[in-house]
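>>> Sequence and predicted structure below; questions after.
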Amino acid sequence: MILYILIAVILLIYFWFRKRYSFWKDHGFQYLEPSIPLGSMGGVGFKEHLSEFMKRQYDYFKNKAPAFGIFFVANPVLILTDLDLIKDVTTRHFESFHEREFYINEKADPLWKNLFTAGGQEWKDLRTKLSPTFTSGRIKMMFPIVAEAADRMVEYLKPQRMLNEGLEMKEVYAAFTTEVIANVAFGLDIKCLGHPENEFRKIAKYIFDPPPWVNFKNFMIFSVPKIAKFFNMTLNPQFVTDFFMNTVRDNMEYREKNNIRRNDFFQLLLDIKNSGEGITSNEIAANSFIFFSAGFETSSSAMTFCTYELALNQDIQDRLRNEIEDVLENYNGEVTYDAIAEMKYLDMVLNETLRRYPIIDSHLRKCVKEFKIPNTNLVIPAGVGILIPVVGIHNDEKYYENPEKFDPERFNEENAKNRVPYSYMPFSEGPRICIGLRFGTMQAKIGLVKLLRNFRIFPSDKTLIPMKYSPSSGFQAPLGGMWLKLQSIN
């Protein structure tokens, strides 16, 4: 009897999957054939990184259809290949795609109810409240905090620069940006460089490099959100939630009790709260958390891949260093906000880094209202998740000749004017473009300028050539770290 029941259950599951896997065929879309039970992405996170999967599938389908379907386990997701359609989704018909396909368990996981995950009017209201905190003037006020942390990074590196095997620089950059974001997002002057046991650094590592079972759990949460909701699953473990909620609460109480004001992101959130505009303590914690999580990893990853390419392209490194020194001559050798704004080649180098290695390799949206793709008979059903394969588009020879070559001249003034719209979008496009892009690029630029003024950067024996990615990393990350050699200039 038990055997018959077991066979019946297996057959029911099998036919449910088969029915589910007919979704894209029923809607007339080309799709990547899935396999029970993991769908189209069985090797992602184990054998290959998501960016490698995304680029390969984009290259296969880009000339076949404006979009194609895949399955995250049993969850249908549409990947866009046509730039005009991407413009529709991100900008022209934003009202049909204003949400992100993201699982939120607000009660058990309050930190994930933030600007990144919010949708509809809630997102619009929150964006309106937070936008003034990311103006150029406000970011300029935070410049000294970032510059001081960059100076500490340089001092930390000086006695270690000539190690034969090189230094694992991704961790150095991550420690630097963790210090910065902890300071501006929470007002805490912490030390991570040389202190890997620091609680902020340990939490940051856990978020972006969790144990394999956590990666699998999070993949399942995204793939089968209804089941995740039924079992009350959370993306953050309780100790991460408790750490950030307690940190915010303690910091708020300390500032209010001692009448302390600082030029940082946390103070700006407190000012919004005290102005009566409707932001709660939980929203302060949630948005400080997402600013911390996104801010330290994106900037440190950009620095990681930028210095990798500078090590492999010494002529580009020399030209960039010369520009830095030439500009700083007009500022008495002092690295200032205005001086960095004048460094056009630095901007070109960083833009090319983000083209070649887009830190967020795929942007996420959700179709909230049925949408017919122009000039086709294809209709995107409401409720479907959307992925924009930035890594594929940025490395498409149709838009960038010889895309594997690192060439900052792609972003000189003339080439920038001729670039195909929506072929470069490291921070997304449209109303949901990254609100913190100015701060993130400023942070990376300050770190790079301070580094290049003090060191020449070379590949070491452990440098990955060609680049290989860690399959389980949330963002693109070099397998085994980024090992580079530094040679003191002064």
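On my side now, so go ahead. Residues are numbered from 1 along each chain as shown.
>>> for Gly278, what are its contacts?
125, 129 (C-beta atoms under 8 Å, 6 or more residues apart in numbering). All C-beta atoms are positioned from the backbone trio N, CA, C, and that covers glycine.
>>> swap in Ala65?
So Ala65 contacts 29-30, 81 (C-beta under 8 Å, 6+ apart).
>>> Buried among the residues you listed? Need that as a selection in ChimeraX.
Selection of buried members from those for ChimeraX, criterion 16 or more other C-beta atoms under 10 Å:
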select :29,81
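>>> Closest one of the contacts of Ala65 to Arg432?
Nearest to Arg432 among the contacts of Ala65 is Thr81, at 20.0 Å by C-beta to C-beta.
>>> From Ile380, how far off is that closest one?
14 Å (C-beta to C-beta, to the nearest Å).
>>> overlap in contacts of these two?
Contacts common to Thr81 and Ile380, judged by C-beta under 8 Å, 6+ apart, are Ala67.
>>> wait, Pro212 sits on Ser472?
Yes. Shown here, Pro212 and Ser472 form a contact pair, counting by C-beta atoms under 8 Å, at 6.3 Å.
>>> and the two? which has more neighbours close in?
Ser472 (18 against 11; other C-beta atoms under 10 Å).
>>> any idea which element the more buried one lies in?
Of the helices and strands defined by DSSP states H and E, none includes Ser472.
>>> what do you get for Asp250?
With DSSP H and E as the test, Asp250 turns up in helix 238-258.
>>> Can you name the secondary structure element that comes next after that helix?
Counting by DSSP H and E, the next helix or strand C-terminal to helix 238-258 is helix 265-274.
>>> Flag every buried residue along that next one.
Quick answer for helix 265-274 (16+ other C-beta under 10 Å): 265-270, 272-273.
>>> Tell me the one among those nearest to Lys372.
Ile272 (39.7 Å).
>>> quick one: that closest one and Glu283 touch, right?
No. Assessed by C-beta under 8 Å, Ile272 is found out of contact with Glu283, at 9.2 Å.
>>> and Phe289, what does it touch?
111, 114, 244.
>>> scratch that, Glu148 is what I was asking about
Applying C-beta under 8 Å, 6+ apart, no residues qualify as near Glu148.
>>> Quick one: mean pLDDT over the helix or strand harbouring it.
Assigned by DSSP H and E, Glu148 falls within helix 136-157. The average pLDDT within helix 136-157 is 92.
>>> Give me the buried positions along that helix.
138-143, 145-147, 149-150, 152-154, 156-157.
>>> Which is the succeeding secondary structure element to that helix?
strand 167-168.
>>> partners of that following strand in the sheet?
strand 483-488 (antiparallel) (DSSP bridges).
>>> ok, and what's touching the strand it pairs with?
157-158, 160-163, 165-169, 307-308, 311, 454-464.
>>> Let's see that strand as PDB, backbone CA atoms only.
Extracted as PDB, the C-alpha positions of strand 483-488 are listed here (Å, rounded to 0.1, in the frame of the first residue of the first chain):
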ATOM      1  CA  TRP A 483      46.000  38.000  -6.200                       C
ATOM      2  CA  LEU A 484      48.100  41.000  -7.300                       C
ATOM      3  CA  LYS A 485      51.600  42.300  -6.600                       C
ATOM      4  CA  LEU A 486      52.200  45.900  -5.500                       C
ATOM      5  CA  GLN A 487      55.400  47.900  -5.900                       C
ATOM      6  CA  SER A 488      55.800  51.100  -3.900                       C
END
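>>> Show me how the chain divides into domains.
According to automatic domain parsing, the chain comprises the domains 1-96+361-424, 98-308+426-490.
>>> per-stretch mean pLDDT over these, give me the minimum one.
Among the domains of the chain, domain 98-308+426-490 carries the lowest mean pLDDT (a mean of 87).
>>> where does Tyr469 fall, phi/psi-wise?
Recorded main-chain torsions at Tyr469 are phi -110, psi 150, according to degrees, to the nearest 10.
>>> Please tell me I have it right and it contacts Leu50.
No. Using C-beta under 8 Å, Tyr469 is not in contact with Leu50; the gap is 9.1 Å.
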